[in-house]
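1. only geometry, no sequence info:
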């Protein structure tokens, strides 16, 4: 029997980052088939990012701008696909404290600015079953 006390979490999926070699090549499916309107391109972490709202969750298309950036490295080793999942949490600093307290390896020990000027921090995929997780408020 499951005995852990489960409380309602306020954490939500914020977006899913998808690494692509070319936003121009990937965008037609989202725009023409799903009818999503792309946001204005932004630059962060050596990548161009185009966000598309899919209800309350966004899809971020990530195209490398620098050959040594994280998205370029991801494409070189894994090819196109899901790069990361971003969870929105009510208190990013507290979430990072809890990660450290439970021994989760962090990419970012302190929050930094990401796309849209949001505070973000990444949790290392070796700590989360191979999935790069981004946390934001």
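-> That came in fine, so what should we check first? Worth saying up front: this structure is predicted, and the values here are computed from it rather than measured.

2. the residue lying closest to residue 30 once chain neighbours are set aside: which element?
-> Closest residue in space to residue 30, ignoring its immediate chain neighbours: residue 36 at 4.7 Å, by CB to CB, 6 or more residues apart in numbering. Any C-beta I mention is one placed from the backbone N, CA and C, and that applies to glycine too. Following DSSP states H and E, one finds residue 36 outside all helices and strands.

3. can you give me the neighbour number for residue 36?
-> 17 (other CB atoms under 10 Å).

4. report pLDDT for it.
-> Among the per-residue scores, residue 36 holds a pLDDT of 97.

5. do the one 3 residues further on as well
-> In this model, residue 39 is scored at 96, pLDDT.

6. next: residue 25.
-> Note on residue 25: pLDDT of 98.

7. check contacts around the residue nearest to residue 30.
-> Residue 36 makes contact with 30, 52-54, 59 under the criterion CB atoms under 8 Å, 6 or more residues apart in numbering.

8. now the strands for the chain?
-> 12-19, 42-44, 47-54, 57-64, 81-88, 112-113, 119-123, 133-136 (DSSP state E).

9. tell me the phi and psi of residue 41?
-> The phi and psi values for residue 41, taken as degrees, to the nearest 10, are phi -60, psi 140.

10. pull out the buried positions in stretch 109-124.
-> Neighbour-count burial for stretch 109-124, counted by 16 or more other CB atoms under 10 Å, picks out 111, 114-115, 118, 120-123.

11. of the residues you listed, which one scores lowest on pLDDT?
-> At the low end of pLDDT for those is residue 115, which has 89.

12. now do that one against residue 44, distance only.
-> Residue 115 sits 5 Å away from residue 44, going by CB to CB, to the nearest Å.

13. what's the most distant pair in the buried residues of stretch 109-124?
-> The span of the buried residues of stretch 109-124, defined through CB to CB, is set by 115 and 123 at 17.5 Å.

14. how close does the closest residue to residue 58 other than its chain neighbours get to residue 67?
-> Nearest residue to residue 58, sequence neighbours excluded (CB to CB, 6+ apart): residue 15, at 3.9 Å. Residue 15 sits 25 Å away from residue 67, going by CB to CB.
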